[in-house]
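Chemist: Quick one, structure for this:
(chains A and B)
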2 protein chains.
Amino acid sequence: MDNFRFYANTDIRFGKNQEECLPELLKAYGNRVLLTYGGGSIKKTGLYEKIKCLLKDFDVYELGGIAPNPRIESVYAGAKICKEKNIDVILAVGGGSTIDCSKVIAAAAFYDGNAWDLVLNPDKITKALPLVTVLTLAATGSEMNRGAVISNSATKEKIGLGNEHLLPRASILNPENTFTVPANQTAAGSADILSHLWEIYFAPQEAFIPDVINEGLQRAVIRYAPAAIAKPDDYEARAQLMWASSLALNDLCTTGKGCAWSCHPIEHELSAYYDITHGVGLAIITPRWMRYVLREETVGKFAAYARNVWGIPDTDDWSAAHAGIEKTEEFLTGLGIPMTLGALGISAEFFPQMAAHAVKFGWLQYAYIPLNENDVVEILKSCL
Amino acid sequence: MDNFRFYANTDIRFGKNQEECLPELLKAYGNRVLLTYGGGSIKKTGLYEKIKCLLKDFDVYELGGIAPNPRIESVYAGAKICKEKNIDVILAVGGGSTIDCSKVIAAAAFYDGNAWDLVLNPDKITKALPLVTVLTLAATGSEMNRGAVISNSATKEKIGLGNEHLLPRASILNPENTFTVPANQTAAGSADILSHLWEIYFAPQEAFIPDVINEGLQRAVIRYAPAAIAKPDDYEARAQLMWASSLALNDLCTTGKGCAWSCHPIEHELSAYYDITHGVGLAIITPRWMRYVLREETVGKFAAYARNVWGIPDTDDWSAAHAGIEKTEEFLTGLGIPMTLGALGISAEFFPQMAAHAVKFGWLQYAYIPLNENDVVEILKSCL
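Modeler: Have a look, this model is predicted:
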């Protein structure tokens, strides 16, 4: 077990009606709130009204319209409001995109330069406004971690960053707020959760406890994602997916072993070039990546994965590993995810540029099996 | 999944040489430190000298001699020092007894009445000194939770309490600091960790994620406790036990399901009357308790336990449940724990009084299967 620090101190309020904690949680930081949200689904569901009503005694300013694969332009807009209105605390209501964007707004509120600097060089973040979140999509885990991903359409870049000041102070996790998430987004979110777990599970360093927790969380998603798709208001299924989302990427599963991001850097290129749904890109890439890196040195781990996650009977390692990868692809297909890049209208046109950028900015030399530009092109081609 | 709050925000520094973080961690709270410890084993191992050296720029006051099953008298003594010397932060170096005692000292430092009031009525705790710990025994989980257990030999009481102000601000978990723990204490500590997991696992409410995490942590202890006993300086084994200790009782495993303390209240009576090692008492009681509450309504859960923790083949529920309980008893016996009360010189003399007190103060009406005085006497008799 490697040395580690574990400090996942977001105050989680999980369950029905937990929005009612918001006034108490926010007033610890002040009275001037920036409410951030996405495309307006929270207005359709009534959550917006509910929150406005709960915050009737606060001065609430708003930034709506934060897009999936959130743009640096939204960060600029949010930071401007924070500075002009002297905001005390940000309340992000939405999924990972809204929360990620709000994290960088919180940091940019104290930065005088161009906020894109903070994305490229997060060490420049020395302070951030407190952030409270109300999660509406089980996927990215942003509600309980220090990371964010921001896109820049001008430069065709989608960059992940992390900084201790970005951790939400509190997150409201009410599974009922995900009842209205459509099947395709539930599927993509579940694929995103699984992908986080896989990026951590398939890392060079082994550690028993984080890996058994990881396997358990994978089984939770595999069990409950189809249930949530079949019955969108299945509270138990939505609850398990929501809690799995947070625990998958709050550092619990990396304790003592770290992680090795292999598929995310490749997917970020797809999203940057084609603005596709992150979880869909991950679902397409992952089984192909698994086959690409399956070899003598990795077969034991893939066999353990097959046995402990998918319950593959105790056959030889190679057969088990192949069966586990098949199960992975079958499962993702069964969620209704389009499982080829072709189905999304993506051709091989930009693969070389994407591969070059992924290797340069995605730290792929530290992936589970280090990947060079040629490897990335080959993996992408197998996704066509 | 029930509603829950999760806020396990102890700053964990895990691994080799992490004591070196102490000056930075402590100076956030001030310069006047109360160093607490137990019977002096930290002087033999060199840890005391190491810490004194690291704290050379602090004003360090000391309270040593905190006993296993820590007494209220040590709380009085520690609180007196805190008040007289205007202590800023408490540094507890030891196992659960030293940490538990230090938690109540931290609260008693701000209380003018008799500190035993705080044990009996923890709602009276409204403030506590910050507490930092250096763990030297993997067992109680006190290093990452809000609980403590204090004994009063005058009244023959051993009482558990919990309060949010008692959570350690930071804990140093260096597995090397447990290399010198003797085999019998390693065994008792491992039984204590398992018992915490069982008290949570066997609760009326079901929840998938906390239970799969729980099963994984049980498997970690079952795998690594014998390794640590066989080879006391097996770093990996000590590391897994240490992290299991913290995660078993930091609320992670109760998220969405709560817990149902069945064996701990009974054991507290044994410790209160006979000052036996807590983990030994738990190991003796637990398999007998399992058999006592095995019935139609619990057989499914015991069968799941047998299959998912012990790998019992998929036979019928009753056979699996019995096999799982057998495995439990065999495992604890294999750790070298004396598995009868008779072996500890304990007779049935005080069973009625113990049972009455356990039911009255141990909330046994909320146990997995509610237990009355007669039930407790029967369970204790089966331990003779």
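
Chemist: hang on, residue A:335 packs against residue A:227?
Modeler: No. Assessed by CB atoms under 8 Å, residue A:335 is found out of contact with residue A:227, at 11.4 Å. From N, CA and C alone the C-beta is placed, and that goes for glycine too.

Chemist: Out of the two, name the residue with the larger neighbour count.
Modeler: Neighbour comparison, residue A:335 and residue A:227: the larger count goes to residue A:335, with 20 against 15 (by other CB atoms under 10 Å in any protein chain shown).

Chemist: what about the closest residue to the more buried one other than its chain neighbours, which helix or strand?
Modeler: In this structure, residue A:335 finds its nearest non-sequential neighbour in residue A:187, 3.8 Å apart by CB to CB, 6 or more residues apart in numbering or on different chains. Assigned by DSSP states H and E, residue A:187 falls within helix A:183-201.

Chemist: just checking, what packs against that helix?
Modeler: The helices and strands touching helix A:183-201, judged by 3 or more CB pairs under 8 Å, 6 or more residues apart in numbering or on different chains; DSSP states H and E, are helix A:208-230, helix A:235-248, helix A:263-274, helix A:278-293.

Chemist: got JSON lines for the ones you listed, with distance to residue B:134 and mean pLDDT too?
Modeler: Listed next are the helices and strands packed on helix A:183-201 as JSON lines, based on distance: least, CB to CB, whole Å; pLDDT from 0 to 100:
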{"stretch": "helix A:208-230", "distance to residue B:134": "21", "mean pLDDT": "98"}
{"stretch": "helix A:235-248", "distance to residue B:134": "27", "mean pLDDT": "98"}
{"stretch": "helix A:263-274", "distance to residue B:134": "37", "mean pLDDT": "94"}
{"stretch": "helix A:278-293", "distance to residue B:134": "41", "mean pLDDT": "97"}
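
Chemist: and the lowest-mean-pLDDT helix or strand in chain A, what does it pack onto?
Modeler: Every helix and strand of chain A was ranked by mean pLDDT, DSSP states H and E. The lowest is strand A:157-162, at a mean of 90. Under the contact definition 3+ CB pairs under 8 Å, 6+ apart, strand A:157-162 sits against helix A:116-120, strand A:147-152, helix A:263-274, helix A:351-361.

Chemist: Make JSON lines out of those and add mean neighbour count and distance to residue B:1.
Modeler: Listed next are those as JSON lines, based on neighbours: other CB atoms under 10 Å in any protein chain shown; distance: least, CB to CB, whole Å:
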{"stretch": "helix A:116-120", "mean neighbour count": "19", "distance to residue B:1": "36"}
{"stretch": "strand A:147-152", "mean neighbour count": "23", "distance to residue B:1": "25"}
{"stretch": "helix A:263-274", "mean neighbour count": "23", "distance to residue B:1": "28"}
{"stretch": "helix A:351-361", "mean neighbour count": "19", "distance to residue B:1": "38"}
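
Chemist: among the ones you listed, which is nearest chain B?
Modeler: Closest to chain B of the helices and strands packed on strand A:157-162 is strand A:147-152 (CB to the nearest CB; 18.2 Å).

Chemist: Enumerate the residues of the stretch 1-150 of chain A near chain B.
Modeler: A:1-18 (CB under 8 Å from any CB of the partner chain).

Chemist: I'd say residue A:287 and residue A:327 touch.
Modeler: No. Using CB under 8 Å, residue A:287 makes no contact with residue A:327, being 9.5 Å away.

Chemist: neighbour count winner among these two?
Modeler: residue A:287 (22 against 18).

Chemist: Flag the shaky bits of chain A, pLDDT-wise.
Modeler: Along chain A, no part satisfies pLDDT under 70.

Chemist: Centre-most residue in it?
Modeler: residue A:140 (2.1 Å; CA atoms, centre = their mean).

Chemist: contacting residues around the closest residue to that residue other than its chain neighbours?
Modeler: Closest residue in space to residue A:140, ignoring its immediate chain neighbours: residue A:96 at 2.8 Å, by CB to CB, 6+ apart. By CB atoms under 8 Å, 6 or more residues apart in numbering or on different chains, the contact list for residue A:96 reads A:137, A:139, A:140, A:141, A:142, A:149, A:192.

Chemist: and residue A:96, how far is that from chain B?
Modeler: 19 Å (CB to the nearest CB, to the nearest Å).

Chemist: Could you measure from that residue over to residue A:278?
Modeler: 8 Å (CB to CB, to the nearest Å).

Chemist: Just the buried ones among the residues of the stretch 1-150 of chain A next to chain B, please.
Modeler: Buried members of those, scored by 16 or more other CB atoms under 10 Å in any protein chain shown, are A:1, A:4, A:6-15, A:18.

Chemist: could you dump the helices and strands packed on strand A:157-162 to CSV with distance to residue A:51?
Modeler: Converted to CSV, the helices and strands packed on strand A:157-162 look like this (distance: least, CB to CB, whole Å):
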stretch, distance to residue A:51
helix A:116-120, 28
strand A:147-152, 22
helix A:263-274, 29
helix A:351-361, 36
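
Chemist: Perfect, that will be all.
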